[in-house]
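> Provided below for reference: sequence and predicted model.
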Amino acid sequence: MAILINLPTLGAERITFSFAPFGEFYLSADALEVFAKQGKIDSEFAFYAKFANPQQLALLRSLLQQHFQISPVMISQFTYSPLGEEIIRQLGELVETEGNQNGFYALRSALILAATNPEGMTVLDVLHRFPSQSLKLNLNKGLTLAKNFSNRLKQQKAAVSGIKKQAATATAVTVGFSQRPDLRQLGPLNWQKITLSLNDASRSRQFVSDIYLPQAATNKLIPLVVISHGAFSDRTTFAYLAQHLASYGFATAVLEHPGISRQRFQQYFAGLAPPPETRESINQPLDVKYLLDELERRQKSDPMLSQLALQRVGVIGQSAGGYTALALAGATINFEQLSQACQNSHEIWNLPLLVQCKTTELLPGTYSLQDKRIKAVIAVNPLISSLLGQSGLSQIQAPVMLIAGGNDFIAPADTEQIRPFTWLKTADKYLVMMEQGTHLSTLGDISNYNFGTISSALIGPSPENARIYLSALSVAFMQTYIANQAEYRPYLSTAYAKFISQPSLNLDIIQSLAIAK
């Protein structure tokens with residue numbers, strides 16, 4: 001099937017939807033634009049509209065009307081990056097030129113030009129700027145993509161449902177949490193923040209770290225937790241979590257990875273810096289190791305740091321930071337498995353795998369990323385299924401908590417946390433499921449990310465509850481495994497998850513799971 005749309009001379013004169021074996025069908029631009037602007041379905045568009053229900057038509061019109069505030073420089077920078085090029089190349093398999101060629105170059109040009117619209121880029125703007133006499137949409141590939149995406153959604157939903165059912169049938173434990181300290185609330189201690197400027201000359205790497213120090217009169221060593229952020233974040237993203245932990249007596253170091261920080265991405269999208277390097281998957285764990293080394297050096301002369309317990313450290317990381325936490329705990333990159341997965345995958349738009357495949361650009365080898373000072377880790381929304389794999393994750397012996405979001409499409413729960421959870425061999429492991437959570441649910445300064453009108457879909461419901469869950473569970477986990485306070489272990493249970501869970505963001509915790517291979 002094929003649809004043709006007459007467009008201005010600068011763009012495609014028609015759009016063709018090709019659908020073997022039925023051939024090609026056409027639709028004028030006027031019909032599509034009238035539908036977008038006025039909601040009217042003329043006789044020409046009626047042929048296609050009859051195959052959609054009212055909800056689908058409303059969604060199509062909403063999409064055609066949507067303005068995306070993205071600068072042409074940002075589009076240019078992204079589409080010229082290795083990852084961006086691969087995404088546009090795969091999209092070009094669906095959007096072809098009139099000669100049935102991959103629409104890669106035409107799409108990149110159209111996207112950049114369409115982004116010059118001061119009111120924000122629209123789908124129709126892209127069509128108008130498509131530099132070909134006709135634009136052909138390959139419905140066979142499109143339907144395959146839609147089918148694959150639908151199957152992934154079903155698999156994810158089934159996996160999340162399985163976690164919920166297992167948690168519901170778990171043996172009930174009678175714990176009077178209402179009579180215990182409420183870990184959702186700030187603890188009794190105040191804190192002081194200091195900022196360290198760090199310079200790892202061996203890597204020509206400069207970065208900073210905020211240290212939140214609890215203010216308490218004690219002769220005991222103060223346990224330390226390090227927080228590692230994900231891409232397009234910085235040390236302010238999890239400041240709320242650092243403050244929460246500090247109020248319970250943990251010194252908390254929130255470092256800023258310069259290669260994936262928000263500032264670096266902003267510079268990159270503005271054309272002022274190259275794209276993030278593949279070596280970041282090595283540099284991020286090394287940032288944490290260097291920070292701990294520097295703290296050990298400075299505590300000999302700095303009274304404020306002298307009480308830090310640096311031989312029993314916890315790490316919390318989100319997204320790329322989640323991988324960092326697991327690597328520091330002993331997980332190893334499986335280059336052979338990763339290479340095979342990347343070579344054998346022919347699925348269009350498998351974004352989680354595309355992101356992980358960037359690590360194949362590193363020279364295969366054994367990288368010394370584990371740090372024996374790390375005794376427990378929490379990984380939130382990590383992308384690890386192919387990057388670390390079963391052989392890599394099984395190396396971890398320290399306690400691990402994996403936190404997943406049921407609506408996370410960047411690091412899907414079923415492939416990136418649920419199945420990897422079954423590969424962990426450590427005796428102390430926890431899988432936390434925020435049923436309606438997304439990849440961004442736990443971020444603390446989400447209003448500064450400028451995601452515009454699509455922010456609600458990206459963030460998901462009740463991010464404030466997601467942050468509360470992460471804060472409470474982090475205190476319980478680190479008290480149990482870093483501070484050796486066994487009385488906090490009951491909080492790491494299905495019973496506690498049920499106690500604090502809210503309907504808008506259901507929370508479950510399990511400690512074991514069997515998945516058929």
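Looks like it came in fine.

> only C-alpha atoms for contact and neighbour calcs from this point on.
Noted.

> What is the subsequent helix or strand relative to the helix or strand of the chain with the lowest mean pLDDT?
Least confident helix or strand of the chain, by mean pLDDT, DSSP states H and E, is strand 23-25 with a mean of 61. Under the assignment DSSP states H and E, the closest C-terminal helix or strand after strand 23-25 is helix 29-38.

> how about that following helix: buried residues?
By neighbour count with 16 or more other Cα atoms under 10 Å, helix 29-38 contains the buried residues 29, 31-33, 35-36.

> so how far is that helix from its chain's centroid?
Relative to the centre of its chain, helix 29-38 is centred 36 Å away, using Cα atoms, centre = their mean, to the nearest Å.

> what mean pLDDT does it have?
Average pLDDT, helix 29-38: 79.

> Export only the CA atoms of that helix, formatted as PDB.
Taking Å, rounded to 0.1, in the frame of the first residue of the first chain, the C-alpha atoms of helix 29-38 are listed here in PDB:
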ATOM      1  CA  ALA A  29      -1.300  16.600   1.300                       C
ATOM      2  CA  ASP A  30      -4.400  18.800   1.400                       C
ATOM      3  CA  ALA A  31      -6.500  16.000   2.800                       C
ATOM      4  CA  LEU A  32      -4.000  15.300   5.500                       C
ATOM      5  CA  GLU A  33      -3.400  18.900   6.500                       C
ATOM      6  CA  VAL A  34      -7.100  19.700   6.600                       C
ATOM      7  CA  PHE A  35      -7.500  16.700   8.900                       C
ATOM      8  CA  ALA A  36      -4.600  18.000  11.100                       C
ATOM      9  CA  LYS A  37      -5.800  21.600  11.300                       C
ATOM     10  CA  GLN A  38      -9.600  21.300  11.100                       C
END
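
> which strands and helices sit next to that helix?
Where contact means 3 or more Cα pairs under 8 Å, 6 or more residues apart in numbering; DSSP states H and E, helix 29-38 is packed against helix 43-49, helix 54-65.

> by how many degrees do that helix and helix 54-65 diverge?
For helix 29-38 against helix 54-65, the angle by axes from the mean of the first three to the mean of the last three Cα atoms, to 10 degrees is 100 degrees.

> Next up, phi/psi of Asn484, please.
Asn484 adopts backbone torsions of phi 60, psi 40, taken as degrees, to the nearest 10.

> what's the pLDDT at it?
You'll see Asn484 listed with a pLDDT of 95.

> cool, and the one 3 residues further on?
Looking at Glu487, its pLDDT stands at 95.

> Gly321 contacts Ile384, correct?
No: with contact defined as Cα atoms under 8 Å, Gly321 does not reach Ile384; the gap is 11.2 Å.

> Report how many residues lie close to Ile403.
Applying other Cα atoms under 10 Å, we find 25 residues neighbouring Ile403.

> show me what contacts it?
Counting by Cα atoms under 8 Å, 6 or more residues apart in numbering, Ile403 makes contact with 378-381, 417, 431-434.

> what's the answer for Thr122, then?
Contacts for Thr122 (Cα under 8 Å, 6+ apart) come out as 64-68, 114.

> 6 Å instead, please
Listed by Cα atoms under 6 Å, 6 or more residues apart in numbering, the contact set of Thr122 reads 66-67.

> One more: Tyr488?
Contacts of Tyr488 (Cα under 6 Å, 6+ apart): 476, 480.

> if I look at it, how far off is Arg205?
38 Å (Cα to Cα, to the nearest Å).

> Arg129 too?
Plainly put, Arg129 is 42 Å away from Arg205 if you go by Cα to Cα.

> Assumed Gly365 was part of a strand.
No: judged by DSSP: H, G, I helix; E, B strand; the rest coil, Gly365 forms no part of a strand; its state is coil.

> hmm, who's touching the helix or strand where Ala472 lies?
Assigned by DSSP H and E, Ala472 belongs to helix 463-481. Residues outside helix 463-481 that contact it (Cα under 6 Å, 6+ apart): 183-184, 241, 441-442, 485-486, 488-489.

> Nearest to Pro303 among those residues?
Nearest to Pro303, judged by Cα to Cα, of the contacts of helix 463-481 is Leu241 at 24.6 Å.
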